[in-house]
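>>> show me the folded form of this:
(chains A and B)
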Amino acid sequence: MVACSGQPDASRSVTVFAAASLTRVLPALALAFARTHTDVRIDPVFAGSQILRMQIEHGAPADVFLSAHARHVEDLAAAGRTTRQGPFATNELVIAVPADAPIADLDDLAFGATIVMGTEAVPVGMAARTFLARLEATEDRGLAEALRRAVVSYEPDVRLVAAKVARKEVDAGFVYATNVAADPHLRALPLPDHLRVPTVLHAAIVAGPGAPRPDAASFFDFLLSDEAAEVLADYGFGPPPPP
Amino acid sequence: MIRPIPALGAVLAGSLVGLYLLPLAALVLSVTGGDISRAVAHPALAPALALSLRTSAVAMAATVAAGLPLALYLARSRGRVARLLLALLDLPIVLPPAVVGVALLAAFGRGGWLGAWLSSLGIHVPFTALAVVLAQVVVASPFFVKAAVSAIRSVPNDLVDVARTLGASRTAAAVQIVLPLAAGGLATGLGLAWARALGEFGATLIFAGNLPGTTQTLPLAIYTVLEGDLSLAIAFSLAAALTAVVLLALVRAGAAPWTRRAA
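Numbers count the residues shown, from 1 in each chain, chains lettered A, B, ... in the order given. So this is what the prediction gives:
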């Protein structure tokens, strides 16, 4: 055993493949984790969950995978590519508009507005499709159709959706509540309770080619701790659903 | 007797060729007949291919129309402005395409310099096929203009002078003497630019967005299906590679008679 030198050596690092919606909170989580694990470095990689999942399927060196949707983690688990997995936080789909835009509610988007949303595979796009299907089933079919027609672009991750709304290139975009909480240029439109689409973020330890990585396991356990829940709450994420 | 390439050089050159061919071979070999028929039947492929061909053709028409006069000026002028412009031409080539996309938004977006004025006229450029064309022109046309400048400079000045003394106007000399003699180089530049336009991804995604049938070009369609289905994306990529090869061959074939006449 090498004596502890205080310098984190290269082998004590955890590569975390994280959904784009975790871009801001993960560095804060890593900081909190470092308080108890001073010699372990967290190396984050951000992209749409579906891209990360594909990279992991093709052997990318991820230790921990944080997905914005259960499906990507479940598919990896079914293929034997994870050793442990479970929900660690929740988020919620919102319709964001520029903070100072004269848009009060959904109906204001029905005529001549431009909207961006995620692609079919990115979790934020899946949630938006759930929302539109629910809107179609419970309320105004015409409004759902109008919103669908107003879409001018399908983006590969939520950061691109949020950026296009914040820059006012479009009138509205389907993002997460945490995106709006983090950006003063964004405001969420009020939605009735039955149209709210909660989302659950899942964590997984990726099965690597070598021996199990204890540091990956400790970061995974940390994500389920009260300490991590506090950091996540600071950034607008909710606690995982009770098992 | 000196061998044309020493052994080490041969190994290095060979590994470079291998690096070109290996991914391409893997692309071709990993596609099954089933993937290809799924790709052909996929609703995204035909509109994306058509949009790529249409937008890149318009982008290349604009590139040649505006790029030729620019290249003629840059090739013949030794002034400071010309030198500065030549250096500027490298900028779209070295900048990451995503940066070009953000810059185009800053100019033509709703809040952008030109965009705010265009908006007041009711013209919205971002998220339209016009935005796709603009992105392609910005990233691809420098390849044409640079190649055209070299090709035009390689035409001996004496020939132009003789034509002028025989009474040809500047324009006539350019059209009848310089351009035919430079045709080979112009075609090479056009081929390069066209290939770059077809492959454009980053600037298009940011500036034009990703909407099937309107702004989803073949590279964007590949990226979109890649998210769900890699083997389908590979079949799409094969279609993109074939399109580029066919277009390059056509451009070369189109320039061949000119090149022969010049020789």
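>>> using the three-state scheme, assign the residue of chain A found nearest chain B.
Relative to chain B, the nearest point of chain A is A:Ser153 (2.7 Å; C-beta to the nearest C-beta). All C-beta atoms are positioned from the backbone trio N, CA, C, and that covers glycine. Classification of A:Ser153 by DSSP: H, G, I helix; E, B strand; the rest coil places it in strand.
>>> partners of it in the sheet?
Per DSSP bridges, the residues bridged to A:Ser153 are A:Val116.
>>> just A:Ala18 next, same as before
A:Phe46, A:Leu66.
>>> who in chain A is up against chain B?
Chain A comes close to chain B at residues A:48, A:50-51, A:54, A:57-58, A:114, A:116, A:119-122, A:151-156, A:160, A:164, A:167-170, as judged by C-beta under 8 Å from any C-beta of the partner chain.
>>> buried only: go through those residues for me.
A:48, A:50-51, A:54, A:114, A:116, A:119, A:121-122, A:151-156, A:160, A:164, A:167-170 (16 or more other C-beta atoms under 10 Å in any protein chain shown).
>>> number of nearby residues for residue 44?
No chain in the question, so chain A it is. For A:Pro44, the neighbour count with other C-beta atoms under 10 Å in any protein chain shown is 17.
>>> please go with chain B instead
Count around B:Ala44 with other C-beta under 10 Å applied: 19.
>>> doesn't B:Ala255 make contact with B:Ala183?
Yes. Using C-beta atoms under 8 Å, B:Ala183 makes contact with B:Ala255 at a distance of 5.1 Å.
>>> show me what from chain B comes close to chain A.
Checking chain B against chain A by C-beta under 8 Å from any C-beta, the hits are B:105, B:109-111, B:126-127, B:205-206, B:208-212, B:214-215, B:223-224, B:226-228, B:230.
>>> and the residue of chain A closest to chain B, what does it touch?
A:116, A:164, A:170, B:127, B:208-211, B:215 (C-beta atoms under 8 Å, 6 or more residues apart in numbering or on different chains).
>>> how much space separates it from B:Ser56?
Distance of A:Ser153 to B:Ser56, computed by C-beta to C-beta, to the nearest Å: 20 Å.
>>> can you show me the helices along the stretch 101-250 of chain B?
For the stretch 101-250 of chain B, the helices defined by DSSP state H, counting those that start in this stretch cover B:113-120, B:129-153, B:157-165, B:170-173, B:179-199, B:202-207, B:218-226, B:230-262.
>>> average pLDDT for the last one?
The average of the pLDDT scores along helix B:230-262 is 82.
>>> next, the buried residues of that helix.
B:232-240, B:243-244, B:247-248, B:251, B:255, B:258-259.
>>> ok, back up a step: deepest of the helices of the stretch 101-250 of chain B, which one?
Mean neighbour count (mean count of other C-beta atoms under 10 Å in any protein chain shown) peaks for helix B:202-207 among the helices of the stretch 101-250 of chain B, with a mean of 26.
>>> so what secondary structure elements neighbour it?
When contacts are defined as 3 or more C-beta pairs under 8 Å, 6 or more residues apart in numbering or on different chains; DSSP states H and E, helix B:202-207 packs onto helix B:97-108, helix B:129-153, helix B:218-226.
>>> cool, thanks, talk later.
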